[in-house]
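need a 3D model of the following:
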Amino acid sequence: MKKYLLTLQIAILIIVMVGLSGCNEPYQNIEGATNGENIVIENYNPFYCKKVILRDDDIGRKPQNLPGLEWVSNLAVKKDIKITFGIIPKPFGSDFKTINYLNQLNKEYFEFATHGYEHIKFRGLSYEQQYSLIENGTRIMEEYLHCKPYTFIPPFDRSDINTTKVLSVFEYHSITGLKDPQSYVLSFLTDFEYENDWYPAKHCSLAEFKTNFDQFYNSTDEYYMFVFHDSTFLDEEGKLNVTIIDRFENIIDYIKSKNVQFMTIEEAYRRLNDENVINIGIINESSYYVDLRECFYNHTIKIIPPLDWSKDIYLRDDTTGQITILDKEKFEFQGTKGHIYNISP
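Numbers count the residues shown, from 1 in each chain. Got it, this is the predicted structure:
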């Protein structure tokens, strides 16, 4: 797959994925069973959508960048989207204002990823050097943010196999930017960067973004990672640049106008890890099921209901018997591993 690399965890862990099946293809038949017979829906999959990852790098690099972080965080809640924050541990560890701000955020919308230790390239460093840097960075993340980081973002997306060896020791799941097929963790590649030049920072236009995103949206690729730095949203006086943030918000609105689901990198990892055991099908012409009984993780499930489903849509957890009505604004639900669900009008 182009947008992420399946990787082998040599002699320790093997992630086996033989293509994407089930709910991955935009026009794939869904098979279910009623009275021992398969029912097939042709050319329509209500559970298919593109997956978008927003990655905000260099969090904590300078205390004066906090206004940019605050604006992006508020936008995420306002727009109901998810963002992975790439946090630089060494300078962040002494920036208590930013630490306190991140700790009060609603973690439903955000993932805290380790962005190196200090902002230096990892590629070419010895195993021992990388071990020390990742150990110290992980310790700071756990100590100050009270969470276990599972995603590693190497500065400048420069890393090597030694980086992934160390990450496996510290139980990381994912890395960004690594194109080497021999790796100990899963790698996610960048599709688009909001900043297209530096010193001073410049940003792509809305038209440039649309061209790139439309190419992805009309392709068979499923995952799209958009990278930006909220520190570049500020002018020389540390105030928000209205032109830049308005354009960024327009980009988010354009993405939301499509059939997409926003994910953090860790959520994408979990979805890919469970992809082949998420079982989706139909019970009859007006009822679907989502079977998560063999999953290792919980998942947010999005559905695009058929046009003739104009009434309330009911979600029944067949494992617990609980019945709820899906939010018509989102048509999503939080699926619990080990459970099976029935969806019907």
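
could you chop the protein up by domain?
50-267, 279-345 (automatic domain parsing).

weakest of these in terms of mean pLDDT?
Among the domains of the chain, domain 279-345 has the lowest mean pLDDT, at a mean of 91.

gap between it and the chain center?
On the basis of C-alpha atoms, centre = their mean, to the nearest Å, domain 279-345 is displaced by 21 Å from the centre of the chain it belongs to.

same thing with stretch 248-261?
So, by C-alpha atoms, centre = their mean, the centroid of stretch 248-261 is 15 Å from its chain's centroid.

contact partners of that stretch?
48-52, 75, 79, 81, 194, 203, 206, 209-210, 213, 217, 226, 228, 233, 262, 300, 302, 304, 332 (C-beta atoms under 8 Å, 6 or more residues apart in numbering). From N, CA and C alone the C-beta is placed, and that goes for glycine too.

now with 7 Å?
Stretch 248-261 is contacted by residues 49-52, 75, 79, 81, 194, 206, 209-210, 213, 217, 302, 304 when judged by C-beta atoms under 7 Å, 6 or more residues apart in numbering.

narrow those residues to those that are buried.
C49, K50, K51, V52, L75, I81, Y194, F209, K210, F213, Y217, K302 (16 or more other C-beta atoms under 10 Å).

for the second one, list each beta-bridge partner.
Note on K50: beta-bridge partners by DSSP bridges are V260.

so it touches N218, yeah?
No. The pair K50 / N218 is not scored as a contact, 10.2 Å apart, by C-beta atoms under 7 Å.

so which residues of the stretch 1-150 of the chain form strands?
For the stretch 1-150 of the chain, the strands defined by DSSP state E, counting those that start in this stretch occupy 4-5, 8-9, 13-14, 30-34, 37-41, 50-59, 83-87, 110-114.

show me what contacts F331?
Taking C-beta under 7 Å, 6+ apart as the test, what F331 contacts is K302, I303, I304, P305.

just those now: which is nearest H339?
If you rank the contacts of F331 by distance to H339 using C-beta to C-beta, I303 comes first, at 15.7 Å.

next, count neighbours for that closest one.
23 (other C-beta atoms under 10 Å).

these two touch, right, it and F47?
Yes. Here I303 reaches F47: they are 5.8 Å apart, a contact under C-beta under 7 Å.

could you pull up the residues touching the residue positioned nearest the centre of the chain?
When C-alpha atoms, centre = their mean is applied to the chain, the residue found nearest the centroid is T264 (2.5 Å). Each residue near T264 by C-beta under 7 Å, 6+ apart is listed here: I53, K82, T84, E111.

same thing but at 6 Å, please
K82, T84, E111 (C-beta atoms under 6 Å, 6 or more residues apart in numbering).

mind listing the helices for the protein?
All helices of the chain, identified by DSSP state H, fall at 66-79, 89-92, 96-103, 127-145, 161-169, 206-217, 242-256, 265-274.

quick one: the third one to chain centroid distance?
Centre-to-centre, helix 96-103 and its host chain are 22 Å apart (C-alpha atoms, centre = their mean).

please apply the same query to the shortest one.
The chain centroid and the centroid of helix 89-92 are separated by 23 Å under C-alpha atoms, centre = their mean.

what's that helix packed up against?
helix 127-145 (3 or more C-beta pairs under 6 Å, 6 or more residues apart in numbering; DSSP states H and E).

which strands and helices lie in contact with the helix it packs on?
Contact here means 3+ C-beta pairs under 6 Å, 6+ apart; on that basis helix 127-145 packs against helix 89-92, strand 110-114, helix 161-169.

so what touches the longest one?
If you take C-beta under 6 Å, 6+ apart as the criterion, helix 161-169 is touched by I12, F122, Y127, Q130, Y131, I134, F152, S183, Y184, V185.

return the distance of D253 relative to Y48.
22 Å (C-beta to C-beta, to the nearest Å).

picking up where we left off before, out of the contacts of F331, who's nearest I245?
Nearest to I245 among the contacts of F331 is K302, at 27.3 Å by C-beta to C-beta.

for the stretch 201-345 of the chain, what spans make up the strands?
202-203, 223-228, 260-263, 279-284, 287-291, 299-302, 314-317, 323-325, 332-335, 340-344.

need these in JSON lines with distance to Y269, can you?
Shown next, in JSON lines, are these (distance: least, C-beta to C-beta, whole Å):
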{"stretch": "strand 202-203", "distance to Y269": "28"}
{"stretch": "strand 223-228", "distance to Y269": "11"}
{"stretch": "strand 260-263", "distance to Y269": "9"}
{"stretch": "strand 279-284", "distance to Y269": "20"}
{"stretch": "strand 287-291", "distance to Y269": "20"}
{"stretch": "strand 299-302", "distance to Y269": "12"}
{"stretch": "strand 314-317", "distance to Y269": "25"}
{"stretch": "strand 323-325", "distance to Y269": "27"}
{"stretch": "strand 332-335", "distance to Y269": "16"}
{"stretch": "strand 340-344", "distance to Y269": "22"}
